[in-house]
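In: Could you work out the structure for the sequence below:
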Amino acid sequence: MKWRVCCAKCTSFAAISTSRPSPTLIEKAGRYADRLSVNIELPTDVSLQTLAPEKDVASIKQAMQTIYTGEQTVRNEPRSPRFAPAGQSTQMIVGADATDDSTILHSAQTLYSDFKLRRVYYSAFSPIPNSPNSVPLAAPPLMREHRLYQADFLLRGYGFTAGELLSGPGDLALDIDPKLAWALGNRQVFPLDLNKADAALIARVPGIGIRTTQRLVELRMQRRIRYEDLTRMRCILAKAKAKPFIITSDYHPPHAETTSEFLHHQLRDRPQPQQMGLWG
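Out: Presented below is the predicted three-dimensional model:
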């Protein structure tokens, strides 16, 4: 078991070994650590058996279940001893095999649902010299890790499902963020009238986050929302993304029928300079 302390917030983390940790050890760790982490490492059982056969899938999930049970006990019995108040997390390696983003996100969604994890962390695979032939020779694009974090945030905070973000096998787009990709693939939902739409739908507009959504809902209880209200809410940079997808009292997209392909091209992220790898 490894300990890590974040001094800024005085938060301690305990990484639980996946080599059949005992429930007693987990219980003791939960009394002292704010958050427990059982790293699943790879998104599928097959990947784990192939690349890390020393790890046992059943033991990993049993440890997660033990932590979840401990959390539930504290929640239902207020007088029970302290146990990991910041919950549990895990980590997945991305790009160590051919597993696609759809599978990764569905695996994360299952972990969130089954064990109520607080976070799934994603780490791009980084090859080293003399790596075995079972792993790729090149690292995946770092942007892939970034897009998975964005998609994961949409799963946890915006009510999206993995199936909505990727309706079939494949990877997330690298040149646009997952929320914009969803909006471009669901044009029938837009443009959305900010003065009438449900808050949950407003939060799905590209460039509009949860906090801005709350402020818009509060504002429309007083008066009708105008386009410039987005600027006053410091949504200036986001307006370019939101503009094709919204209606306000004084604004309607002039080109509502603009193709998704055109918007994709207009709103895509510009390529960033690539940093050379340590070994390349």
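
In: Show me the longest helix that occurs in this structure.
Out: Ranked by residue count under DSSP state H, the longest helix found in the chain is helix 57-76.

In: Mind giving me the packing neighbours of the next helix or strand after it?
Out: Where DSSP states H and E defines the elements, the next helix or strand beyond helix 57-76 is strand 88-94. Identification of packing neighbours for strand 88-94 by 3 or more CB pairs under 8 Å, 6 or more residues apart in numbering; DSSP states H and E yields strand 35-37, helix 57-76, helix 101-115, strand 119-124, helix 142-157. Bear in mind the C-beta positions are built from the backbone N, C-alpha and C, glycine included.

In: Looks like V57 contacts S47 (just checking).
Out: No: taking contacts as CB atoms under 8 Å, V57 lies outside contact range of S47: 10.0 Å.

In: which of these two has more neighbours?
Out: It is S47, of V57 and S47, that has more neighbours when counted by other CB atoms under 10 Å, with 20 against 16.

In: Remind me what whichever strand or helix holds the more buried one packs against, helices and strands.
Out: S47 is located in helix 45-51, with elements delineated by DSSP H and E. If contacts are counted by 3+ CB pairs under 8 Å, 6+ apart, helix 45-51 sits against helix 57-76.

In: Could you export the helix it packs on as CSV, CA atoms only?
Out: Output of helix 57-76 as CSV, limited to C-alpha atoms (Å, rounded to 0.1, in the frame of the first residue of the first chain):
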residue,chain,number,x,y,z
VAL,A,57,-9.3,-8.9,-12.2
ALA,A,58,-11.6,-10.4,-9.6
SER,A,59,-9.3,-9.2,-6.8
ILE,A,60,-9.3,-5.6,-8.1
LYS,A,61,-13.1,-5.5,-8.3
GLN,A,62,-13.4,-7.2,-4.9
ALA,A,63,-11.2,-4.5,-3.4
MET,A,64,-13.4,-1.8,-5.0
GLN,A,65,-16.5,-3.4,-3.7
THR,A,66,-15.0,-3.5,-0.2
ILE,A,67,-14.3,0.2,-0.3
TYR,A,68,-17.7,0.9,-1.7
THR,A,69,-19.3,-1.1,1.2
GLY,A,70,-17.2,0.8,3.7
GLU,A,71,-18.4,4.1,2.2
GLN,A,72,-22.0,2.9,2.4
THR,A,73,-21.6,1.8,6.0
VAL,A,74,-20.4,5.3,7.0
ARG,A,75,-23.2,6.9,5.1
ASN,A,76,-25.9,4.7,6.7
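
In: Identify all contacting residues around that helix.
Out: Residues outside helix 57-76 that contact it (CB atoms under 8 Å, 6 or more residues apart in numbering): 16, 18-21, 23, 26-27, 30, 36, 38, 40, 45, 48-49, 80-85, 87-88, 90, 111, 114-117.

In: same thing but at 7 Å, please
Out: Here helix 57-76 makes contact (CB atoms under 7 Å, 6 or more residues apart in numbering) with 16, 18, 20-21, 23, 26-27, 30, 36, 38, 40, 45, 48, 80, 83-84, 87-88, 115-116.

In: That helix versus helix 101-115: what angle between them?
Out: 50 degrees (axes from the mean of the first three to the mean of the last three CA atoms, to 10 degrees).

In: about what we covered before: columns distance to P132 and mean pLDDT on top of the helices and strands packed on strand 88-94, output as JSON lines?
Out: Below are those laid out as JSON lines (distance: least, CB to CB, whole Å; pLDDT from 0 to 100):
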{"stretch": "strand 35-37", "distance to P132": "26", "mean pLDDT": "95"}
{"stretch": "helix 57-76", "distance to P132": "21", "mean pLDDT": "94"}
{"stretch": "helix 101-115", "distance to P132": "22", "mean pLDDT": "98"}
{"stretch": "strand 119-124", "distance to P132": "18", "mean pLDDT": "97"}
{"stretch": "helix 142-157", "distance to P132": "22", "mean pLDDT": "98"}
